[in-house]
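K.L.:
sequence and predicted structure are below.
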Amino acid sequence: MLQGGFGRPSVDNQSYPEPGWGRFVLCGTAPYYKVSVATHLDELNEAQREAVLCTKGPLLVLAGAGAGKTRVIAHRILEIVRQGEDPERILAITFTNKAAREMRERAGKLLRESRELSLPAFAESKPPFVSTFHSLGLFIIKEHYRSFGFKRFPAVYDRADSLRAMKAALKELGADEELEPRLALSIVSRNKGDGVTANAFAEDASGARERLIARAWQVYERMLAEDGALDFDDLLARAVNFLRADAEVRAGYQKRWRYLHIDEYQDTNRIQSELAALLVGPEKNVCAVGDIDQTIYTWRGADIKNIMRFEKDYPGGRTVILEENYRSTKNILASANEVIAKNVYRVEKNLFTQKGEGEKLSLYRAFDENDEAHFVARKIDELIRKKTPPRDIAILYRANFQSRALEEKLLAANIPYQVLGTRFFERAEVKDALSYLRAAVFGTAPDIARIANTPRRGIGKITLLAMLSGREDELRGVVREKVAGFRALIARIAERAEALPPSELLAYAVRESGLERELKEDKVEGQERLENIRELMALARRFDGDPRPQGLQLFLESAALASDQDELKDEANAVRLMTVHAAKGLEFPYVFITGLEEGLFPYEKDGEEGRDREEERRLMYVALTRAQKKLFLSYASMRTVYGLQSFSEPSQFLGDISESLLEIEEPERLGRTIYLE
């Protein structure tokens, strides 16, 4: 006999006469299922099991740092399939390609290795759809590209392409010295994330600057349309507007994906939250996973209210809090709990672990940024001498400028390192190689402008302007021949795109364009830049097995949608340097948090108070919880910032951490020579 009801989900196979079957309590009001005992639950703690078993209706999982949220999502997907649902009916959305890849691999491994699945044709069924928000938006647009007014699949502008287009828009308006393009693009992006259109922004624009941004936005949109392209923000805004307007299409996606998982829900902006809501069907099988204490992206549009009001948006659901941490020692968690406890805008939780106390947190007071960097390099050298792999060490900082002094000392100490933020896909040679492929496939103006004279082939600015404005027939003589030669090259690459896999096509384009020859002739940086192109070819090989030319399309989309964390080379045995923002979602055995000074961390923003200060505290919480074994904290009494030297006070966050958790690091003792007269 099976029992059911509301309350904490549980499985119990000891009270019922049928062996192998047990009690299964479902959440919400959905009908009961008869299911076999889920042995995959054995590796989960009680709160994780509760989240995994609550498969029906709305569920909010508040997962503390290192509490196993990816594990919960993967096991929840397995549990839904174990109950008899087809895997392809499950959708999981996250933010970065790296996170999506990890989730896809973990869920896939569980499904492949599970002995509990009773689906007869499971081996032939499609896997769950795991995607980033932007990739999902592009997927929807590509499935209905004609409805969006495209003649073919749209090209995707990455951030560098968008910035170049905004610069061109401002120049066309004669305002390129009046308004910084990056600022204009940021305002446009923020408004698109809030669901605001260019025309709506123009109507509400007040003041000269907003009116100028409105005009630049409209020119920018025209440039996108002429290229048959979309930018990052369009991928979401266009998909949302389409689903909002077409009830039949919306119902089709809701039927396709009956179960929706949203990772890092605290980082969603308004348009992302609405996209998810439009995909939730009448059964309301939506699971949002996140951590209010790790909301650190409000400056780029993330709205903490989305996760705070989840229960109001999806009434009748359940909230599960994951507090057991599997990453860090007790001392590390104690420091994180003490720091975050001072925030008011949060749901109360207290991380704990079954691990030991661990080492105390080291605290170093440096004289200046060079002394601080020397301390960091010295400690890392000690760790490496004790056989710690450099890849197990991370150095975190609040602002990018801090990396300079750190890099100098690491170089002097011959310590290998990688700076996260020097994006692979934004390197000149990588952009050049990709632009040849994009120009051949899409004919996009920014790509043609980039490579028309790269390598140099005698196509100047005036000639390029004629090419981009459709006036090539006005060109004469040698110039006309040079342009014709370039067009013929692009045509040959386009022709081979139908037959060659992406990696071979890339090799062909690099060779035929003259890029390879030019880099080989560069005796200074040429070898390193060639190695970057070879790395790009290695990435392209991932898509060689896909049907042509679909594999090329997927490769170009993957490059355009890459995030900072996708730049991490897991195989590189090097110390990682990055901002705390870039470190979110990562973990390392040894972590250095530098620059813990008032005005730097927490970072001071004139005239901004309240929740922004809470966000700085959340950022410190994120930094502390990246560490598994040992934390090193440091601050400088004096720091030079942008050429100005000033004295500093220790960060207030250091005062939040109990002295019993800290050990003071002494400066390196150096021998002195005393001269006697």
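P.N.:
Received the coordinates, thanks.

K.L.:
the longest strand seen in the chain: partners in the sheet, and parallel or antiparallel?
P.N.:
If you go by DSSP state E, the chain has its longest strand at strand 627-636. Paired with strand 627-636 in the same sheet, following DSSP bridges, are strand 361-366 (parallel), strand 588-593 (parallel).

K.L.:
low-confidence ranges, this structure, go.
P.N.:
1-38, 115-124, 421-423, 563-571, 605-611, 642-643, 669-677 (pLDDT under 70).

K.L.:
nearest to the spatial middle of it, which residue is it?
P.N.:
residue 96 (3.4 Å; C-alpha atoms, centre = their mean).

K.L.:
how about that residue, phi and psi?
P.N.:
For residue 96, the backbone dihedrals (degrees, to the nearest 10) come out as phi -120, psi 160.

K.L.:
that one against residue 132, yeah?
P.N.:
Yes - with contact defined as C-beta atoms under 8 Å, residue 96 reaches residue 132; the gap is 6.4 Å. For glycine as for every other residue, the C-beta is placed from the backbone atoms N, C-alpha and C.

K.L.:
next structured bit after the longest strand of the chain?
P.N.:
strand 638-641 (DSSP states H and E).

K.L.:
quick check: what element follows that next one along the chain?
P.N.:
Using DSSP H and E, the helix or strand that follows strand 638-641 in sequence is strand 644-647.

K.L.:
which parts of that next one are buried?
P.N.:
The neighbour-count criterion (16 or more other C-beta atoms under 10 Å) identifies no buried residues in strand 644-647.

K.L.:
and residue 81, how far from residue 275?
P.N.:
Using C-beta to C-beta, to the nearest Å, residue 81 is found at 24 Å from residue 275.

K.L.:
please apply the same query to residue 319.
P.N.:
Going from residue 319 to residue 275 by C-beta to C-beta gives 22 Å.

K.L.:
so which of these two has more stuff around it?
P.N.:
residue 275 (24 against 15; other C-beta atoms under 10 Å).

K.L.:
residues near the residue lying closest to that one once chain neighbours are set aside, how many?
P.N.:
Nearest non-adjacent residue to residue 275, counting by C-beta to C-beta, 6 or more residues apart in numbering: residue 240, 5.1 Å away. Counted with other C-beta under 10 Å, the neighbours of residue 240 add up to 22.

K.L.:
just to be sure, residue 240 is in a helix?
P.N.:
Yes - counting by DSSP: H, G, I helix; E, B strand; the rest coil, residue 240 is located in a helix.

K.L.:
wait, doesn't it sit right on residue 197?
P.N.:
No - checked against C-beta under 8 Å, the pair residue 240 and residue 197 is beyond contact range at 11.6 Å.

K.L.:
quick one: contacts for residue 426?
P.N.:
Residues in contact with residue 426, defined by C-beta atoms under 8 Å, 6 or more residues apart in numbering, are residue 160.

K.L.:
for it, give its distance to residue 159.
P.N.:
For residue 426, the distance to residue 159 equals 8 Å [C-beta to C-beta].

K.L.:
same question, residue 436
P.N.:
20 Å.

K.L.:
the two: which has the busier surroundings?
P.N.:
Between residue 436 and residue 159, counting by other C-beta under 10 Å, residue 436 is the more crowded of the two (25 against 16).

K.L.:
does the more buried one touch residue 493 like I think?
P.N.:
Yes - counting by C-beta under 8 Å, residue 436 touches residue 493, with 6.1 Å between them.

K.L.:
okay, and the common contacts of those two?
P.N.:
residue 509.
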